[in-house]
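Undergrad: quick check, what structure comes out for this input:
(one chain, ligands or ions: 1)
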Amino acid sequence: MRSAFWHDERLVVVEDIPALVCAACGERFYDDATVIALDLLRGRGFPPESARAELRVGVFSLDDLKKG
Ligand SMILES: [Zn+2]
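TA: As a prediction, the model looks like this:
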């Protein structure tokens with residue numbers, strides 16, 4: 001699966017995350033190896049030069065909706 005994480009003020013996306021699904025409640029979770037790999041990537045500061053792609057991300061506010 002693919003997931004987005006905040007790293008300081010940067011939003012980063014990580015792909016190819018193996019997710020396990022709880023048989024009881026259907027909630028997704030990561031196994032220990034995946035958590036360690038994500039921590040490693042975080043520890044390296046999600047180096048931009050290692051990113052496989054760049055995304056432009058729209059930023060929305062519910063406050064703007066209220067203004068009509
Ligand atoms: Zn569960």
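Undergrad: burial of residue 38, as a residue count?
TA: With neighbours defined by other C-beta atoms under 10 Å, the count for residue 38 comes to 16. Any C-beta I mention is one placed from the backbone N, CA and C, and that applies to glycine too.
Undergrad: surely it is in a helix?
TA: Yes. With the criterion set as DSSP: H, G, I helix; E, B strand; the rest coil, the secondary structure at residue 38 is a helix.
Undergrad: quick one: is the worst-scoring helix or strand of the chain on mean pLDDT near the ion?
TA: The weakest-scoring helix or strand in the chain, judged by mean pLDDT, DSSP states H and E, is strand 28-29 (a mean of 90). No. Using C-beta under 5 Å from the ion, strand 28-29 never reaches the ion; the gap is at least 8.1 Å.
Undergrad: the residue nearest to residue 14 when sequence neighbours are not counted and residue 62, how far apart?
TA: Nearest residue to residue 14, sequence neighbours excluded (C-beta to C-beta, 6 or more residues apart in numbering): residue 3, at 5.6 Å. In this view, residue 3 and residue 62 are 23 Å apart by C-beta to C-beta, to the nearest Å.
Undergrad: between the two, which has more neighbouring residues?
TA: Legend: neighbour count by other C-beta under 10 Å for residue 3 and residue 62, higher for residue 3 (13 against 6).
Undergrad: pretty sure that one contacts residue 13?
TA: Yes. With contact defined as C-beta atoms under 8 Å, residue 3 reaches residue 13; the gap is 7.2 Å.
Undergrad: who touches stretch 11-25?
TA: Contact with stretch 11-25 is made by 1-6, 27-31, 34, 38, 41, 46, 51-52, 55, 57, as judged by C-beta atoms under 8 Å, 6 or more residues apart in numbering.
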